[in-house]
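Asker: Have a look at this prediction, sequence included:
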Amino acid sequence: MKTLALKIDVDTWRGTREGVPQLVEILKRHQAGATFLFSLGPDHTGRAIKRVFRPGFLSKVSRTSVVEHYGIRTLLYGTLLPGPDIGRREAALLRQVRDDGFEVGIHCWDHIKWQDYVAGKDAAWTRAEMQKAVKRFTEVFGTPPRTHGAAGWQMNEAAYALQKEFGLDYASDGRGDCPFQPVDAQGHDLGVPQLPSTLPTLDELIGLDGLTADNVHEHLLALTAAPSEHGHVYTLHAELEGMKLLATFDRLLAGWKAQGYKLVSTAEQFAALDPATLPRCRVLMGEIPGRSGTLALQGATISA
């Protein structure tokens, strides 16, 4: 059966409180599996204001109505308002998602801090951030994490290595075409297998080439009309598909089911793979259409 894995990034306190419950409800209605990746520490969304100087950021903001999706209060957390501790405040809600049958994993400790700085930080900084997230996840769920999906698709080489040290089974930290085993510059295996996101996100599409919240699902469904050998991975956000774009997501779910896809968690998709047969690839930092800045991209296959 064709599979399409749903990977849900939960970036903010508001997205956790308001978006996650609505996503759980709609996924249950469609009998769809999914993986929820939680931000587990402080919500410092307001500190993203410095991205205004990044090329392409203002055009993306104007297309995707950031204030409408995130709300004024969220955009002040970490600046004029203290950042609420998401994992501490919403532990019961997070556990309920797991109890409802969905896979849960780590998105990050502090979303803005990871997304804006990890690519240029050293192993000690990276370990400290990941340890906080792992500790909080274990406190909330009573078990260690098994998967990770990087905030903003931002990583460094130390982060890949630490994922194996922390006992993860696999991760979904970047963008690419198929599952792969990351390798370092010397061609040695690095970290755990990766299931990259294979499809563009709504905020990368809406506002370009006549795409709106009302028709963007048709564009995505055209991309999935032909099945992928290893299945697709679609990343959605609790702050978008779980709130203002819930109706768009509903149309996507119905469309994918009509195309014959089984909608699954990334864990279920990973379980169907043989890690020994995965291509071995370097991870490169590069740009993609519709998103400002660089992010982790699957590179060419490296010969054994």
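Answerer: On my side now, so go ahead. Numbers count the residues shown, from 1 in each chain.

Asker: can you pull out the strands in the stretch 101-250 of the chain?
Answerer: Ranges of strands in the stretch 101-250 of the chain, per DSSP state E, counting those that start in this stretch, are 103-108, 181-182, 232-237.

Asker: Can you say which of the ones you listed is packed in most?
Answerer: strand 103-108 (a mean of 25; mean count of other C-beta atoms under 10 Å). (C-beta placed from N, C-alpha, C; glycine too.)

Asker: helices and strands around it, which ones?
Answerer: Judged by 3 or more C-beta pairs under 8 Å, 6 or more residues apart in numbering; DSSP states H and E, the packing partners of strand 103-108 are strand 35-39, helix 91-99, helix 123-141, helix 266-271.

Asker: Can you redo the ones you listed as TSV, where the extra columns are mean pLDDT?
Answerer: Formatted as TSV, the helices and strands packed on strand 103-108 follow (pLDDT from 0 to 100):
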stretch	mean pLDDT
strand 35-39	98
helix 91-99	98
helix 123-141	98
helix 266-271	98
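
Asker: just checking, Thr16 is part of a strand?
Answerer: No - under DSSP: H, G, I helix; E, B strand; the rest coil, Thr16 sits outside any strand and is assigned helix.

Asker: How about it: what's its closest non-neighbour residue?
Answerer: Counting by C-beta to C-beta, 6 or more residues apart in numbering, Thr16 lies nearest to Glu90, which is 5.0 Å off, once chain neighbours are set aside.

Asker: wait, that neighbour sits on Glu18?
Answerer: No - if you go by C-beta atoms under 8 Å, Glu90 and Glu18 don't touch, sitting 11.0 Å apart.

Asker: which one of the two has more residues nearby?
Answerer: Set Glu90 next to Glu18 and count neighbours by other C-beta atoms under 10 Å: Glu90 wins out with 21 against 16.

Asker: need the contact list for that one.
Answerer: Glu90 sits next to 13, 16-17 when contact means C-beta atoms under 8 Å, 6 or more residues apart in numbering.

Asker: Could you report the separation of it from Gly46?
Answerer: From Glu90 across to Gly46, the span is 19 Å (C-beta to C-beta, to the nearest Å).

Asker: where does the stretch 201-304 of the chain dip in pLDDT?
Answerer: 304 (pLDDT under 70).

Asker: and with 80 instead?
Answerer: Counting by pLDDT under 80, the stretch 201-304 of the chain has low-confidence residues at 303-304.

Asker: Leu211: what's it in contact with?
Answerer: By C-beta under 8 Å, 6+ apart, the residues touching Leu211 are 205, 219.

Asker: What of His237?
Answerer: Contacts here follow C-beta under 8 Å, 6+ apart; on that basis His237 touches 8-11, 15, 19, 201-203.

Asker: repeat for Thr35
Answerer: With contact set as C-beta under 8 Å, 6+ apart, Thr35 has these partners: 5-8, 102-105, 147, 149, 172, 265-267.

Asker: at 6 Å instead, please
Answerer: 7, 103, 265-266 (C-beta atoms under 6 Å, 6 or more residues apart in numbering).

Asker: Okay, helices next: where are they in the chain?
Answerer: 13-14, 20-29, 57-64, 66-70, 86-89, 91-99, 111-117, 123-141, 157-165, 202-205, 216-223, 246-258, 266-271 (DSSP state H).

Asker: Let me know which of these is the nearest to Gly187.
Answerer: Gly187 lies closest to helix 157-165 among the helices of the chain, at 13.5 Å (C-beta to C-beta).

Asker: Does the closest one pack against any helices or strands, and if so which?
Answerer: Helix 157-165 is packed against helix 123-141, with contacts defined by 3 or more C-beta pairs under 6 Å, 6 or more residues apart in numbering; DSSP states H and E.

Asker: Out of the contacts of His237, which end up buried?
Answerer: Among the contacts of His237, those classed as buried by 16 or more other C-beta atoms under 10 Å are 8-11, 15, 19, 201-203.

Asker: Closest one to Ala247 out of those residues, please.
Answerer: Using C-beta to C-beta, these come closest to Ala247 at Leu202, 11.8 Å.

Asker: show me the contacts for Val20.
Answerer: Val20 neighbours (C-beta under 6 Å, 6+ apart): Ala238.

Asker: quick one: it and Leu195, what's the gap?
Answerer: From Val20 to Leu195 the distance is 21 Å (C-beta to C-beta).

Asker: repeat for Thr45
Answerer: Look at Thr45 and Leu195: by C-beta to C-beta, they are 27 Å apart.

Asker: And Ser303, by the same measure?
Answerer: Look at Ser303 and Leu195: by C-beta to C-beta, they are 22 Å apart.

Asker: And the two? Which one has more around it.
Answerer: A direct count of neighbours by other C-beta under 10 Å for Ser303 and Leu195 places Leu195 higher, at 28 against 7.
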